[in-house]
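Novice: Give me coordinates for this.
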Amino acid sequence: MDYQVGSAGRVVVARFNDGDDIMDGITKVSKDEDIRSAVLWLVGGVKKGRAVVGPAEEGELPPKPVWYDIPESHEVVATGTLFYEGDTPKVHLHGAFGKHDKVRAGCLRGESETFLVLEAVIMEIKGITASRELDPSVGLALLKV
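Specialist: Below is the predicted model:
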């Protein structure tokens, strides 16, 4: 295990409105406010998106992701991190997505759309140099501490 110790910096509270792109919004706040490292919390609604739920085969490297679509309104509660890969902020966000009595969990990736309202809390982490770097063995940009 590798680690660094930092401290809490600024806290941003954001409201996403119906139709807003969640991942793009978080990325925009990161760029606008020059937040290089952060912890994220989300609660609200999502009506469009894609999530990955893990590798198709156990132990397979690089892993072949299993995707599912979020095609209509769902409740969401999620937590994640934000670190830069080069000059690009990269969000890693895992959540639970529920509709009626069905709940699925997964890693929200790419385009995503708010349903009605979504609240985000972004807490900056100061004093660390962590970043994301492509790991060719798994084909993913992983955290480098």
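
Novice: okay, now residue 16: neighbour count?
Specialist: The number of residues packed near residue 16 is 23, by other CB atoms under 10 Å. C-beta coordinates here come from the backbone N, C-alpha and C atoms, glycine included.

Novice: element containing it?
Specialist: strand 7-17 (DSSP states H and E).

Novice: Please compute how far that strand lies from its chain's middle.
Specialist: Distance of strand 7-17 from its chain centroid, counting by CA atoms, centre = their mean, to the nearest Å, is 14 Å.

Novice: looking just at contacts, which helices and strands does that strand meet?
Specialist: The elements that strand 7-17 packs onto, with contact taken as 3 or more CB pairs under 8 Å, 6 or more residues apart in numbering; DSSP states H and E, are helix 22-32, strand 102-126.

Novice: of the ones you listed, which approaches residue 90 most closely?
Specialist: Proximity to residue 90 (CB to CB) singles out helix 22-32 among the helices and strands packed on strand 7-17, at 8.5 Å.
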